[in-house]
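Asks: could you work out the structure for the sequence below:
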Amino acid sequence: MIDIDNKKIKVLVVDDSAFMRKIISDILNSNDKIEVLDTARNGIEAISKAIKLKPDVVTLDIEMPIMNGLEALPEIIKVVPTAKVIMFSSTTRKGADETIKALELGAVDFITKPSGTILNIKIEDIREQIINTVIQVAYLTKKSNNSSEVKKLIYKPNHVEKTFNNLIDGKRAKYIVAIGTSTGGPKALQDVIPYIPEDVPAAFLIVQHMPPGFTKSLAARLNNLSKITVKEAENGDILELGTAYIAPGDYHMVINRTGLDDHVISLNSGAPVSGHRPSVNVMMESVSKIENKNLIAVMMTGMGSDGSEGMKKIKMTGGKTIAQDEESCVVYGMPKTVVNAGIVDSIVPLNRIASEIIKYMGV
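Replies: Okay, the predicted model is just below:
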C-alpha cells in the first residue's frame, strides 16, 4: 500500500490520442499527490513501460491500435501485479460492454471519456473525477480480482442444490433480497447471482454504483450467466420471483406497494445521497418499509458507507443481513461500515453469499 504522507502516486497514462495523453497527464500532475511517470500509445508499449517503471496506477484506454486495452490489461496485471488499472471508456453500448469485460479481467475501476470532439471537450468536467479515482484506487489495500493475492482468497462459489417448487405460487416473490455494492461489484456479482437457483421464491434488487448506460450491459452479462432473469430496472416493473432488477445509472430505485400484494419499482432523479445516484441507502430504506415480506439485505465490496442506514432499517424490521468478509472484498468499505455498526447477522466470503441468501429463506 502507498504511504499516503510520504510517497507520490506513480501513474502510467495509456491512450492512442496524443491530445488525451497530454490532457490526462496535465490533470494528474496538477495534484501534488500524483506523478505521471510516462505515457504509452498502445498496449504493447504500455506493457513494456509497466515492466520498467512499475507504476502504482495505470490509466488504460480501451480502443487502441496494435494492442487494445482489453488485450493489454491481463498482461499488465501479470507483469506488475501491484498495479491498479483504471479503464477509460466511451459511453457507447460497445464501450459499456467492453468496460464490463475489463472489470471481469481485473480492472479496479473505470472513467468515462467526455463525449464530443477534441475541440469541445470540457476538461473541468473530468478533472475532479480523474484525480479522485486515481487517488482512491491507489490507496486500496486489496489488489484487483485477477491479482495473485486476491485469487488465493476467491474460491468457486458453493453449488446451491436447493429447490423451491413447494413455495412457488404464481409469480409474486415471497422474499425480497436487497444487494448493495460498488468498487469490485461487477465481478463480485458474477460470483453470486449465477448461483441462485432458477426456482428461487425471491426477487432481487441490486444497486451497483455506475453511470448511465453501463448498468444495462452489466444486467445483460449477468442474465447470460444466470439461471434467474436479470434486467436493468424500468419504471413500473412489478417484482416477480426469480428476477433480479439492477438500478439504472443516474436513477434512484425505490419500491412502492400497489394492489393487494404487488410491489412496483419506481425510478427517480432525486438528489444524490451520500454522493451517489443510484444510492444503496435509498433502495434499502424503501425495501425496509415493505410489509408481509421476508427481507434479506446483502452488502458487498465497495468504497464508502452507502447503504449502512438502509441496512439498519431492514434489520430493525426483522430482516436478515449479510456482509461480504474483508478477505474477499476488493474494497472493504461498505461491508466494514455495517459490520462495525453491529447490524449484520452473518459475515461470509464472496463464494458463500449465494448459499447464505438461500439459507435465510429457511427451507
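
Asks: just the helices in the stretch 1-150 of the chain please.
Replies: Secondary structure of the stretch 1-150 of the chain (DSSP state H, counting those that start in this stretch): helices at 18-29, 43-53, 69-79, 93-105, 124-138, 148-151.

Asks: between those helices, which gets nearest to Asp237?
Replies: Closest to Asp237 of the helices of the stretch 1-150 of the chain is helix 93-105 (Cβ to Cβ; 20.7 Å). The way it works is simple: take the backbone N, C-alpha and C, and place the C-beta from them, glycine included.

Asks: kindly export that closest one (C-alpha atoms) in CSV.
Replies: The C-alpha trace of helix 93-105 is given here as CSV (Å, rounded to 0.1, in the frame of the first residue of the first chain):
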residue,chain,number,x,y,z
ARG,A,93,-23.1,0.5,-25.8
LYS,A,94,-20.0,-1.1,-27.2
GLY,A,95,-17.9,0.9,-24.7
ALA,A,96,-20.1,-0.2,-21.8
ASP,A,97,-19.8,-3.9,-22.8
GLU,A,98,-16.1,-3.6,-23.1
THR,A,99,-15.8,-1.9,-19.7
ILE,A,100,-17.8,-4.8,-18.0
LYS,A,101,-15.4,-7.2,-19.7
ALA,A,102,-12.4,-5.2,-18.4
LEU,A,103,-13.8,-5.3,-14.8
GLU,A,104,-14.1,-9.0,-15.1
LEU,A,105,-10.5,-9.2,-16.3
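
Asks: list the buried residues for that helix?
Replies: In terms of neighbour count (16 or more other Cβ atoms under 10 Å), helix 93-105 has its buried residues at Gly95, Ala96, Asp97, Glu98, Thr99, Ile100, Lys101, Ala102, Leu103, Glu104, Leu105.

Asks: likewise for stretch 258-271?
Replies: Going by 16+ other Cβ under 10 Å, stretch 258-271 has these buried residues: His263, Ile265, Leu267.

Asks: where does pLDDT dip in the stretch 201-350 of the chain?
Replies: 259-261 (pLDDT under 70).

Asks: in a markdown table, list the buried residues of helix 93-105 along with pLDDT.
Replies: Formatted as a markdown table, these follow (pLDDT from 0 to 100):
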| residue | pLDDT |
| --- | --- |
| Gly95 | 85 |
| Ala96 | 91 |
| Asp97 | 93 |
| Glu98 | 94 |
| Thr99 | 93 |
| Ile100 | 94 |
| Lys101 | 94 |
| Ala102 | 95 |
| Leu103 | 93 |
| Glu104 | 92 |
| Leu105 | 92 |
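
Asks: now, which of these sits nearest Val254?
Replies: Closest approach to Val254 among the buried residues of helix 93-105 (Cβ to Cβ): Ala96, at 24.3 Å.

Asks: test my guess that the closest one contacts Phe214.
Replies: Yes: with contact defined as Cβ atoms under 8 Å, Ala96 and Phe214 form a contacting pair (4.6 Å).

Asks: now do stretch 44-54, average pLDDT.
Replies: Mean per-residue pLDDT for stretch 44-54: 97.

Asks: who's in contact with that stretch?
Replies: Residues outside stretch 44-54 that contact it (Cβ atoms under 8 Å, 6 or more residues apart in numbering): 10, 12, 14, 37-38, 40, 58, 60, 66-67, 72, 75-76, 79-80, 82-83.

Asks: next, count neighbours for Glu291.
Replies: Counted with other Cβ atoms under 10 Å, residues neighbouring Glu291 total 6.

Asks: for Val348, same thing?
Replies: Neighbours around Val348, by other Cβ under 10 Å: 20.

Asks: do the same with the one 3 residues further on
Replies: By the other Cβ under 10 Å criterion, the neighbourhood of Asn351 contains 17 residues.

Asks: quick one: it and Asp191 touch, right?
Replies: Yes: using Cβ under 8 Å, Asn351 is in contact with Asp191, at 6.2 Å.
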